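*Asks:* 3D model of this:
(chains A, B and C)
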Amino acid sequence: MDLLRTENLTKKFGELVAVNNVTISIKEKGVLSIIGPNGAGKTTFFNLLTGFLTPTEGKIYLRDEDITDMYPYDIVRKKLSRSFQIASYFPEFTIFENIQMGVFNRLGYSYNFLANSKQLKDVNEETERYIEMLSLSDLKDMKAKFLSHGDKKILDIAMCLTIEPEILLLDEPTSGVSGTERMKVIHFIGELAKKMKIVVVEHDMDIVFSISDRIVVLAQGSILADGTIEEVRNNEDVQNAYLGGNIEGGDEDVVLGKNK
Amino acid sequence: MNINIILVLLFNGVLLGLIYAVVSIGFSLVLGIGQVINFAHGLLFAFGAYIFWYISPIIGYWPAFIITPLIVGGMGYLIEKLVITRVYGQDPLFGLLVTLGISLAGTEIIRMIWGKLTKVVSTPGFAAGQVHFANIIYPKYRIALALISLIIILFVWWLMIRSNFGTIVKAGMTDSEMISALGHNLPVLRNRVFIIGSILAGMAGIVAAPLWGIKSEMGTDILMLAFTIALIGGLGSIKGTVIAALVIGIITSLGVLIIPRLVEAVPFILLIAVLFYKPKGLYGELTILGEVTAREK
Amino acid sequence: MNKQYNILNDPFLYLLIFFGVFPFIPLLGKYLSLGTEMLIWILYSLSFNLLLGYTGLPSFGHGAFYGIGSYVTALVYLQFINNSKNIFLPVLAASLIVGMLAYFFGFIIRKKRGIYFALITVAFSQVLYIIAFKWTEVTGGELGITRLFRGQFLGIDLNNSTRYYYFVLIIVFLGSIIIRKITLSPFGKVLKALKQNETRVQYLGYNSAKYCCYVMTISGIFAGLCGGLYCLLYGAVFADNMHWVKSGDVVIATLLGGGMTNFYGPIVGSSIFVLAREILSSVWDNWMLLYGLAFVLIILFMPTGLLGMVERIKEKKHTEQFNNNNNKKKKDLEGIAHKEENK
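*Replies:* Just a heads-up that it's a prediction; the model follows:
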């Protein structure tokens, strides 16, 4: 059984076809990277997988269960989590409170309107555990809006973890992050990959080549190539889609889908 | 049911619709170019009526007709410069609240100057009398008002569709950044559109005054109506606004026959329907008012 | 992290004391109906703030809930007046019926946000206003329902202003405690999160639409209750409280005090609002001019209200402290690094 599977997944916005007939099977093991030019439909694909958008056509299966018409809050409960290109968190909450939100749900306090949210022992312990794990103890009482950019992205990913996902979708986790913070994020992802399935959308080829077991290339909504690093690297279509033939390492800010 | 009564009501409805259209177009334009919900629009409508009522006995009908909109336009200029410029770019809710406050304060100023009693405007000499056709007797004055409204609408339509200015404004509605980048002065543009909107509101007030009487609440009364029509017609679309206005005018007028007591509720019921089913309105292209719902589903 | 509850630190204690002795304050204490109205507004705005300040849903039609609460109370009271004249049932009926209405409405509108949400609340409440205004047979139309004399509760005759004041005080106090509990609960946290980032909330497994429906219901229940208490306060109901412009009153009262950022904001704002309105309207016929100006100035320069400004100052101090600590740490580390180098 595949972990996550799509069949003829298509999304149209009026005339614009953002995701075009994508059929893909994602297995339990390894890190899958999705690459492609800007506007190739990668984020839309994630939006579809997680129930944020309704597909125009096609189906999505999570462990053989049809999740096509489900909402994000249901899909997330099925252990599929997702981070955002622009870090998505609660700016006015402290880091502690940010992490706490996911824990509330998982421990069943979602609709509890009488207990004091600060005094739930099990919630506090769980939250502390996550904060320890992420080495954010120093900052835990700081409002999230004051975090550095890289730390915000880590917070975003951290919140994804609070639902204990089995598969984690990361949307450009290193975008806008540079230097040591970048190393932090990459290292973090590496650690996560040991515990769960990771699907990453990335632009930085260095990272893609160092962590991926499988690469899918998306251009103009369709799958251009799908395979191991070597296979993708040597794929002519892919080479043509990117400027200048060979895919080198480094940040390629590529021209929109320059196909044959 | 007497066909004559229906015809008269129909004409009334058309007249009503035309006046509504004049008010709503101004509102819609400001909303389109500035992304601001101007609740002071109704206030300017009221001022148009009051000022006209006040000065026309002094300087005559037609001079007052020309000067009043200019005064109201001036008021609009001040409001825009002093207040509206501070809320551009923010959540449209801010603009709504701020202009609502202005509307409340302004309504009170009207009461201070002219008192709380309803005023009556008498028919001017040139339009006195009735017109007879098809078994119907219809006041000349109403036809005159309808024609005046129609001329105003056509002029604005020409301004927006045909002139350079109009093209720039139209473009500015869909992409204000681009307009600035092309060298047009966006703040000046917005200010000008606001003044035009204010003038339109003032003129509508002049036209509406003899029909509905002049009272201090007329501003807030017409507000939601203008908004509803602008929304139904689609923000930024003159054609849509006029059609929506006529439809509502006619429904309101004929509605008296069917549900006399709830006629006032019709625009609001329509507003609810539009907000639920077609937030972009009939012809509008712009979802200026931000995300309608939190997510697509 | 978790502080022990110290009643001396609880603002409610002091508020209770203040309002408890209010009738005995020289000069001011004579205005019991004013005090009662203040209390009613406190509960009203606190529950309204659950929508606006906590969840970020700008309702401009809350006056309709309030007004319907008043009407229901009046009508039930007149129907079942019997000899007992017990006011419990009418007020309860108001809360429940408005609560159901609020649930129904909240359900329909549960996915709408921002300006669209605001407009729909205006439209709905205006339709209700028009119905109330025109349905003369039931609501008395323009003339409203008048001359209701307060009955009793648990055998205590409430016709006396002082007794009614304390009756309302108890209800408002209990209601406020419930609302505060809600804001401090996990449910309340979700609401606050919703206001900041609804997408994230959904991605953590919460059905955000349900929450919006529920908070509307809770808010409606209290609004109905307050409408009922108000009806019995003055013994009369009129439709004008349901007009959408009037609904702006509770918005301004909530924002003024700082409802957007602070639980106690509406309490401050309501008290000032009711007091100011009373004083100004008796002094100047055209006081609405000041009201409108206040509206404008608050929105432009002080949208987080009075308590909001206090919060901002606190936050600045906090971050300054934090930065100072960090800088100190950095300097210490640098100092150590230097020493290492120089060895």
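*Asks:* got the buried residues for stretch B:5-19?
*Replies:* For stretch B:5-19, the neighbour count (16 or more other C-beta atoms under 10 Å in any protein chain shown) marks B:8-9, B:11-19 as buried. Placement of C-beta: from N, CA and C, glycine included.
*Asks:* and B:His132, that's in a helix?
*Replies:* No: according to DSSP: H, G, I helix; E, B strand; the rest coil, B:His132 belongs to no helix; its state is strand.
*Asks:* May I have the beta-bridge partners of it?
*Replies:* For B:His132, the beta-bridge partners under DSSP bridges are B:Ile137.
*Asks:* Give me the distance between it and chain C.
*Replies:* 36 Å (C-beta to the nearest C-beta, to the nearest Å).
*Asks:* sorry, back to before: need the buried residues of stretch B:5-19 in JSON lines (columns: pLDDT and secondary structure).
*Replies:* Listed next are the buried residues of stretch B:5-19 as JSON lines, based on pLDDT from 0 to 100; DSSP: H, G, I helix; E, B strand; the rest coil:
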{"residue": "B:Val8", "pLDDT": "86", "secondary structure": "helix"}
{"residue": "B:Leu9", "pLDDT": "88", "secondary structure": "helix"}
{"residue": "B:Phe11", "pLDDT": "88", "secondary structure": "helix"}
{"residue": "B:Asn12", "pLDDT": "89", "secondary structure": "helix"}
{"residue": "B:Gly13", "pLDDT": "91", "secondary structure": "helix"}
{"residue": "B:Val14", "pLDDT": "92", "secondary structure": "helix"}
{"residue": "B:Leu15", "pLDDT": "91", "secondary structure": "helix"}
{"residue": "B:Leu16", "pLDDT": "90", "secondary structure": "helix"}
{"residue": "B:Gly17", "pLDDT": "93", "secondary structure": "helix"}
{"residue": "B:Leu18", "pLDDT": "93", "secondary structure": "helix"}
{"residue": "B:Ile19", "pLDDT": "92", "secondary structure": "helix"}
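*Asks:* helices and strands around the least confident helix or strand in chain A by mean pLDDT, which ones?
*Replies:* Averaged element by element with mean pLDDT, DSSP states H and E, chain A has its least confident helix or strand at helix A:236-241 (a mean of 76). Using 3 or more C-beta pairs under 8 Å, 6 or more residues apart in numbering or on different chains; DSSP states H and E, the elements in contact with helix A:236-241 are strand A:214-219, strand A:222-227.
*Asks:* Based on its surroundings, how many neighbours for B:Phe276?
*Replies:* Using other C-beta atoms under 10 Å in any protein chain shown, B:Phe276 has 14 other residues around it.
*Asks:* tell me the contacts of it?
*Replies:* C:Ile120 (C-beta atoms under 8 Å, 6 or more residues apart in numbering or on different chains).
*Asks:* pLDDT wise, what is it at?
*Replies:* pLDDT for B:Phe276: 84.
*Asks:* If you count neighbours, what's buried in the helix or strand harbouring it?
*Replies:* Assigned by DSSP states H and E, B:Phe276 belongs to helix B:266-277. Buried residues in helix B:266-277, counted by 16+ other C-beta under 10 Å: B:266-272, B:274-275.
*Asks:* Check stretch B:211-222 too.
*Replies:* Neighbour-count burial for stretch B:211-222 flags B:214-222 (criterion: 16+ other C-beta under 10 Å).
*Asks:* Against A:Gln85, how distant is the closest residue to A:Asn20 other than its chain neighbours?
*Replies:* Closest residue to A:Asn20 apart from its sequence neighbours, by C-beta to C-beta, 6 or more residues apart in numbering or on different chains: A:Gly221 at 3.6 Å. From A:Gly221 across to A:Gln85, the span is 17 Å (C-beta to C-beta, to the nearest Å).
*Asks:* And those two? Which one has more around it.
*Replies:* A:Gly221 (24 against 17).
*Asks:* Check whether the residue at the greatest distance from the centre of chain A sits in a helix, strand or coil.
*Replies:* The outermost residue of chain A relative to its centre, with distances by C-alpha atoms, centre = their mean, is A:Leu114 at 34.4 Å. At A:Leu114 the chain is in coil, as set by three-state DSSP.
*Asks:* Am I right that it is in contact with C:Lys181?
*Replies:* Yes: A:Leu114 lies in contact with C:Lys181 (C-beta atoms under 8 Å); the separation is 5.7 Å.
*Asks:* which SS state does A:Ile34 fall under?
*Replies:* strand.
*Asks:* give the contact list for it.
*Replies:* With C-beta under 8 Å, 6+ apart, A:Ile34 has these contacts: A:42, A:45, A:199-202, A:215-218.
*Asks:* at 7 Å instead, please
*Replies:* By C-beta atoms under 7 Å, 6 or more residues apart in numbering or on different chains, the contact set of A:Ile34 is A:42, A:199-201, A:216, A:218.
*Asks:* Let me know the pLDDT of it.
*Replies:* With respect to pLDDT, A:Ile34 has a value of 92.
*Asks:* any weak-confidence spans in the stretch 151-297 of chain B?
*Replies:* Counting by pLDDT under 70, the stretch 151-297 of chain B shows low-confidence ranges at B:176, B:280-297.
*Asks:* One more pass at 80, please.
*Replies:* Under the criterion pLDDT under 80, the flagged ranges of the stretch 151-297 of chain B are B:164-167, B:169-184, B:234-237, B:278-297.
*Asks:* how does chain C divide into domains?
*Replies:* The record's domain parsing of chain C by automatic domain parsing lists C:7-303, C:308-343.
*Asks:* just the strands in the chain please.
*Replies:* As the question left the chain open, I've gone with chain A. Assigned by DSSP state E, chain A shows strands spanning A:4-13, A:16-26, A:31-35, A:57-62, A:65-66, A:80-82, A:167-171, A:197-201, A:214-219, A:222-227.
*Asks:* oops, I was thinking of chain C
*Replies:* Remark: strands assigned in chain C by DSSP E are C:152-153, C:156-157.
*Asks:* what's the most buried one of the ones you listed?
*Replies:* Burial of the strands of chain C is given as mean neighbour count (mean count of other C-beta atoms under 10 Å in any protein chain shown); strand C:152-153 ranks first at a mean of 16.
*Asks:* Determine which residue lies closest to the centroid of chain C.
*Replies:* C:Ser45 (1.4 Å).
*Asks:* What distance do you get for that one to B:Leu257?
*Replies:* As judged by C-beta to C-beta, C:Ser45 and B:Leu257 stand 43 Å apart.
*Asks:* Check A:Leu48 too.
*Replies:* Distance of A:Leu48 to B:Leu257, given as C-beta to C-beta: 51 Å.
*Asks:* Those two - which one has more neighbours?
*Replies:* Neighbour comparison, A:Leu48 and B:Leu257: the larger count goes to A:Leu48, with 24 against 12 (by other C-beta under 10 Å).
*Asks:* surely that one meets A:Leu9?
*Replies:* Yes: assessed by C-beta atoms under 7 Å, A:Leu48 is found in contact with A:Leu9 at 6.1 Å.
*Asks:* Correct me if wrong: C:Met291 contacts B:Leu104.
*Replies:* For the record, residue C:291 is Tyr, not Met. Yes: with contact defined as C-beta under 7 Å, C:Tyr291 counts as touching B:Leu104 (6.1 Å).
*Asks:* higher neighbour count, those two?
*Replies:* Using other C-beta under 10 Å as the criterion, C:Tyr291 and B:Leu104 rank with B:Leu104 on top: 27 against 21.
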